Structures are given as C-alpha cells and as structure tokens.
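Visitor: structure for this input, please:
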Amino acid sequence: MSLDASLADEVPGLLRYARAITRDPHRAEDLVQATLVRALERRESFRGDAAPATWLHRILHNLAVDAARRDREEPSDAVADAVERSWRDDAYTVDAASVVERAETAEELRDALVHLPFIYRAAVVLHDAEGMTVAQVAEIQGVGLPAAKQRLRRGRMMLVSELARGHERREALAGVPLRCWVARRQVSDYLDGELPRGERVAVERHLEGCPTCPPLYTALVGTRAALGVVRDPDSVVPPSTAARIQRLVGDGERVRRTPPVGN
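Guide: Presented below is the predicted three-dimensional model:
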C-alpha cells in the first residue's frame with residue numbers, strides 16, 4: 001500500500017495521540033491536519049524504512065515540540081529530577097488504590113498527564129497508550145534508546161506522583177464549576193462578551209472559587225488594557241513624516257490625473 005493510501009488509516013491513531021498530549025481537541029485536530037500536509041509535502045522522503053505510523057507520529061511529534069516551544073512549554077528536567085529524588089527516598093510512597101482509581105477515570109488521567117513536561121508525557125502516551133516499542137519512541141522523538149528508556153521511566157514516575165496529588169486538586173476545587181482548562185479556554189470569549197449567559201455564569205463562579213485561575217484572568221485583563229497604548233493616536237506622527245506622506249499622496253494623485261503622453 002502506498003503512503004498516500006495509508007494516510008487515512010493512520011488518522012485515528014494520530015488524533016488519539018494528539019489529544020492525549022495537548023488535551024485540546026481543536027489544537028489536536030490542527031496538529032493532525034498539519035502532520036498530513038507535511039507528510040504529503042515530504043512523501044518523496046519516505047523510503048519505507050519505518051512503518052507509516054512511526055514516520056507520521058514523528059512528524060506530529062516534531063510539530064508538537066515546536067508548538068510547545070512557542071508556548072514556552074519547555075521540557076523541564078528540574079521537574080523530572082525532583083520527582084526522581086522523591087522516588088529515591090525509601091520513605092516515599094503513595095496510596096496505590098487512590099492512584100489506580102484516578103487513573104481509571106479518563107478526566108483525572110488526562111488532567112494528570114497534561115501536568116507532565118511534554119517529552120515525558122509524549123513518551124508515556126506513545127508507549128503505554130499507543131503500544132509502540134521503546135525503539136519506536138526513540139525514533140519518533142529523535143533520541144537514542146537509553147534516552148527513550150529514561151524518558152519513559154521518568155514519565156511513568158511523574159504520572160503516578162501527579163495522580164497521587166489528585167486529592168489536593170479536588171479539595172482545592174471542591175464545589176467549583178468547570179475544570180480549570182475549560183474555564184481558561186472560555187475566558188477570552190468571556191472578556192469579549194461573547195459567551196451565552198449560562199456559560200458566562202459558570203466562568204464567573206469558577207473564578208470566584210478557583211485558587212489558581214483569578215491571577216491568570218487578572219493578567220489577561222491587564223494585558224489587554226495595556227495593548228491599547230500600542231495604538232498611538234494620529235497626533236503623535238512626527239510632522240516631517242506627515243508632510244512626506246502628504247507629498248507622496250499628492251504626487252500619486254497628480255500622476256493618476258495626468259493623461260498619458262500622446263493622447
């Protein structure tokens with residue numbers, strides 16, 4: 001089967017992976033679409049040395065890495081180091097029953113996954129959710145086998161530790177409507193007055209009770225207000241510049257009105 005013919009078969013897996021590493025369905029769809037466009041543009045470079053799924057996942061992974069860098073979601077070795085130090089402590093443990101219960105709840109699992117630094121999150125999803133081998137993970141992420149094994153090990157540790165913290169988040173958000181990401185995704189429309197009344201009320205109630213979202217909302221409001229300064233009034237245009245522009249406009253108008261020679 002040609003690469004073009006196999007693209008459609010790979011879309012569900014690509015979309016599943018994109019949703020797991022971004023937790024934003026719109027962003028995930030954009031990533032998959034960009035992946036397919038990039039694959040078609042580079043179809044001549046596909047030699048069949050890797051399976052189409054591996055090749056496509058690598059393209060998607062690289063696009064996601066670029067997006068994470070633009071969003072300043074850099075891989076944080078400091079986070080991984082801190083979690084590994086905890087795991088090295090003989091006294092460190094978790095409530096296994098609570099962790100497994102949360103892991104078996106899709107929303108809790110996605111909430112924990114999204115807190116992992118990108119490269120570790122991707123390694124765990126590719127291997128444990130998508131069933132790829134460590135060698136395939138290494139190929140997709142463009143690293144050696146030892147590095148891929150380390151990312152998988154650290155990612156699993158971070159995921160368990162993050163799931164163990166689930167009760168802290170639930171207690172902090174007890175009685176607060178909406179998940180933080182849902183509220184944060186809607187807050188831009190809220191600022192612009194474009195949310196229906198019911199959704200607007202839910203966002204307001206979330207902001208009243210959430211311990212982490214109000215500073216983000218305040219920062220959005222302040223930044224939007226500050227951007228108004230960027231739009232300088234016409235009066236600040238230097239007189240010399242204004243005169244030059246006026247001359248250019250006048251010259252252009254005269255040229256437009258002058259009939260061609262010979263008419």
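Visitor: number of nearby residues for the nearest residue to V125 once chain neighbours are set aside?
Guide: Residue nearest to V125 in three dimensions, not counting chain neighbours: A20, with 4.4 Å by CB to CB, 6 or more residues apart in numbering. Every C-beta, even on glycine, is put in place using the N, C-alpha and C of the backbone. The local packing of A20 (other CB atoms under 10 Å) involves 20 other residues.
Visitor: roughly how far does A20 sit from A53?
Guide: From A20 across to A53, the span is 15 Å (CB to CB, to the nearest Å).
Visitor: what about A39, how many neighbours?
Guide: Neighbours of A39 (other CB under 10 Å): 21.
Visitor: and it, what does it touch?
Guide: Counting by CB atoms under 8 Å, 6 or more residues apart in numbering, A39 makes contact with 3, 7, 46, 55-56, 59.
Visitor: after the helix or strand where it lies, which helix or strand is next?
Guide: For A39, the element it lies in under DSSP states H and E is helix 25-41. Sequence-wise, the next helix or strand downstream of helix 25-41 (DSSP H and E) is helix 52-70.
Visitor: quick one: buried residues of that next one?
Guide: Within helix 52-70, the residues that count as buried by 16 or more other CB atoms under 10 Å are 52-61, 63-65, 67-68.
Visitor: which of the residues you listed scores worst on pLDDT?
Guide: Here the lowest pLDDT out of the buried residues of helix 52-70 sits on A68, with 72.
Visitor: measure that one to T35 for me?
Guide: 15 Å.
Visitor: which residues touch V11?
Guide: V11 touches 32, 36, counting by CB under 8 Å, 6+ apart.
Visitor: any idea of the pLDDT on Q150?
Guide: 94.
Visitor: and it, how far is that from E41?
Guide: 33 Å.
Visitor: please apply the same query to Y217.
Guide: Counting by CB to CB, the gap from Y217 to E41 is 40 Å.
Visitor: ditto for C180
Guide: Going from C180 to E41 by CB to CB gives 37 Å.
Visitor: and R121, by the same measure?
Guide: 27 Å.
Visitor: ok, now A123?
Guide: 27 Å.
Visitor: more crowded one of the two?
Guide: A123 (29 against 10).
Visitor: show me the contacts for the closest residue to that one other than its chain neighbours.
Guide: Ranked by CB to CB, 6+ apart and with sequence neighbours excluded, the top spatial neighbour of A123 is R151, at 4.0 Å. With contact set as CB under 8 Å, 6+ apart, R151 has these partners: 119-120, 123, 137, 141, 143.
Visitor: and the gap between R151 and F118?
Guide: Taken as CB to CB, the span from R151 to F118 is 10 Å.
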